[in-house]
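1. Okay, here's the prediction I keep looking at, along with the sequence it came from:
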Amino acid sequence: MTSVRGWSPLGYRDGRGWLQGAPPPRWVRVLPIVLLGVVTVATLISPDGHDFGFLLGAIPPLAVLSYGPLATAVLSCLVVLLLNVPATHLNHPGDTDLLTVTFVALLSVFVSYVRSHRDAQLLTERAVGEAVQRAVLPPLPEHVGAVGCVGLYQAAQHGTLVGGDFFDVRDGPYGVRAVMGDVRGHGLAAVATVVSLLGAFREAVLDLPDLESVATQMDRRLTVDSADVPHAELFATALLLEFSDDLRSVRVVACGHPPPVLLRDGQAQEVIVAPGAPLGLGPVGGDPPKEVTVELGPCDRLFIASDGVWEARDGSGGFYPLPERLAEFAGVDAKALTELVWTDLVGHYEVRDDATMLVLTPAIG
């Protein structure tokens, strides 16, 4: 299952279960109808079938889970009608019992009406959220220039589509450049900062000749944004990459972000970077972060992940061994690689932050 940036969450589209707003499974939809049919048949073929009559009271509330007010009203009417058909042996319920079932049926129709309108409102709001998502993080193409791209994103805040992590890959006059960042905090509160940083990166890709200047521009953006906010503590980690024209090398600038992992010949090795201060705490007025150049060969790939992946912990408190796992999965294609890592991660480790992965594959001739 894929979202607008090639994410691969578990569950319905974005990980929601049917109790969190996703459509209910088929068995929930057919349960009221099956129950109605079973009780009807039981009361018709058995003189003791009226012993099952109490189950009829459960049908209207069950219908609320799956159906709108009209269908719920139809099922409720069938229940009340069944209680008044002589052939079913249920036509002599106590007045209190009949009034109770009728009241529950009417209440169920009302609840179904409220639920259906609320669901419609939630769908509208979710459509707006997806539109915002596409504006903030538009779909990542399969190739940017001659660099293959595959990304996966899982927001930590349940039910949200964007959070504090971001990534982008852009082609410009100085080559293909990529960024992955992690804003302090997560969820909707971090989205405004993500928008600012991505905007600064996309402009810098077109205008600035080196990665150190790009990092400085993004740092300045954060500094300006937080200047008038008391105790803002606004900062973000970031990893910037720039491929050479022949794709045989990549320049890397790390601003407090975990390094990329180089996948080569079935092995996975962390790239040694010159660690710099996070954006918002560093280059403005001081020394810019240092650039490191890494030589690339045919079939090499770069795997970049956010703190949510690196810092996931198992039951004993151990961190996720990303390079070791990548070496085990080295033979699969880029899309399958991100999905395997994510499945392995959530299967054995607790993910406490936004989890983001990006695989870059330069097409070296």
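-> Structure's in. What do you need? Residues are numbered from 1 along each chain as shown.
2. Now do the residue most central in space within the chain against Val111, distance only.
-> Geometric centre of the chain, nearest residue: Gln154, 3.8 Å, by Cα atoms, centre = their mean. Plainly put, Gln154 is 33 Å away from Val111 if you go by Cβ to Cβ, to the nearest Å. To be clear about C-beta, it is placed using only N, CA and C from the backbone, and glycine gets the same treatment.
3. pretty sure the residue nearest to the centre of the chain contacts Ala355?
-> Yes - Gln154 is within contact range of Ala355, at 4.4 Å (criterion: Cβ atoms under 8 Å).
4. Quick check: neighbours shared by the two?
-> Residues touching both Gln154 and Ala355 (Cβ atoms under 8 Å, 6 or more residues apart in numbering): 308, 342.
5. Now do the strands in the chain.
-> Here the chain has its strands, by DSSP state E, at 143-144, 147-154, 165-172, 175-183, 236-243, 249-255, 261-264, 267-270, 275-276, 291-295, 301-305, 355-362.
6. who touches stretch 265-274?
-> 252-254, 259-262, 289-292, 294, 299, 302-303, 322-324, 326-327, 330-331.
7. Over to stretch 307-325?
-> Counting by Cβ under 8 Å, 6+ apart, residues outside stretch 307-325 touching it are 154, 156, 165, 182, 237, 258, 261, 268-270, 303, 305, 341, 344-345, 348-357.
8. Return the members of those residues classed as buried.
-> If you count burial by 16 or more other Cβ atoms under 10 Å, the buried members of the contacts of stretch 307-325 come out as 154, 156, 165, 182, 237, 258, 261, 268, 303, 305, 341, 345, 349, 351, 353-357.
9. What angle do strand 147-154 and the worst-scoring helix or strand of the chain on mean pLDDT make with each other?
-> Ranking every helix and strand in the chain by mean pLDDT, DSSP states H and E puts helix 95-136 at the bottom, with a mean of 81. Calculated by axes from the mean of the first three to the mean of the last three Cα atoms, to 10 degrees, helix 95-136 forms an angle of 150 degrees with strand 147-154.
10. Who are the contact partners of Asp168?
-> The contact partners of Asp168, taken as Cβ under 8 Å, 6+ apart, are 137, 140, 178-179, 198, 201-202.
11. I should have written Leu358 there, sorry.
-> Each residue near Leu358 by Cβ under 8 Å, 6+ apart is listed here: 149-152, 167, 169, 178, 180, 303-305.
12. most surrounded residue in those?
-> Ala305 (29 neighbours; other Cβ atoms under 10 Å).
13. Could you check how far it is from Ile364?
-> Counting by Cβ to Cβ, the gap from Ala305 to Ile364 is 23 Å.
14. one step back: got a ChimeraX select line for the buried ones in the contacts of stretch 265-274?
-> Per 16+ other Cβ under 10 Å, the buried members of the contacts of stretch 265-274 correspond to this ChimeraX selection:
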select :252,253,254,259,260,261,262,289,291,292,294,302,303,322,326,330
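15. thinking again about what came up before, are any of the contacts of Asp168 buried, and which?
-> Applying 16+ other Cβ under 10 Å to the contacts of Asp168 flags 137, 140, 178-179, 198, 201 as buried.
16. Mind putting these into CSV with pLDDT?
-> CSV is the format used below for these (pLDDT from 0 to 100):
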residue, pLDDT
Leu137, 72
Leu140, 87
Ala178, 96
Val179, 95
Leu198, 92
Phe201, 94
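17. In this structure Pro275 contacts Ala254, no?
-> Yes - counting by Cβ under 8 Å, Ala254 is a contact partner of Pro275 at 5.7 Å.
18. joint contacts of those two?
-> Common contacts of Pro275 and Ala254 (Cβ under 8 Å, 6+ apart): none found.
19. and the nearest residue to Arg170 once chain neighbours are set aside, how many neighbours does it have?
-> Setting aside the residues directly before and after it, Arg170 is nearest to Val205 in space (Cβ to Cβ, 6 or more residues apart in numbering), at 4.6 Å. Using other Cβ under 10 Å, Val205 is surrounded by 24 other residues.
20. Return the distance of Val205 relative to Leu198.
-> Distance of Val205 to Leu198, given as Cβ to Cβ: 11 Å.
21. What of Ala73?
-> For Ala73 relative to Leu198 (Cβ to Cβ), the value is 49 Å.
22. Low-confidence ranges, the stretch 251-365 of the chain, go.
-> 282-287, 365 (pLDDT under 70).
23. Kindly recompute the last result at 80.
-> In the predicted model of the stretch 251-365 of the chain, residues 281-289, 364-365 satisfy pLDDT under 80.
24. Show me the helices in it, by range?
-> Using DSSP state H, counting those that start in this stretch, the helices of the stretch 251-365 of the chain run over 307-310, 322-328, 334-348.
25. To Leu107, which of those helices lies closest?
-> Nearest to Leu107 among the helices of the stretch 251-365 of the chain is helix 334-348; the distance by Cβ to Cβ comes to 39.8 Å.
26. Give me the residues contacting the closest one.
-> Applying Cβ under 8 Å, 6+ apart, the contact partners of helix 334-348 are 6, 8, 10, 148, 150-152, 154, 301, 303, 305, 309, 312, 314, 320, 322, 325-326, 329, 332, 351, 355, 357, 359, 361.
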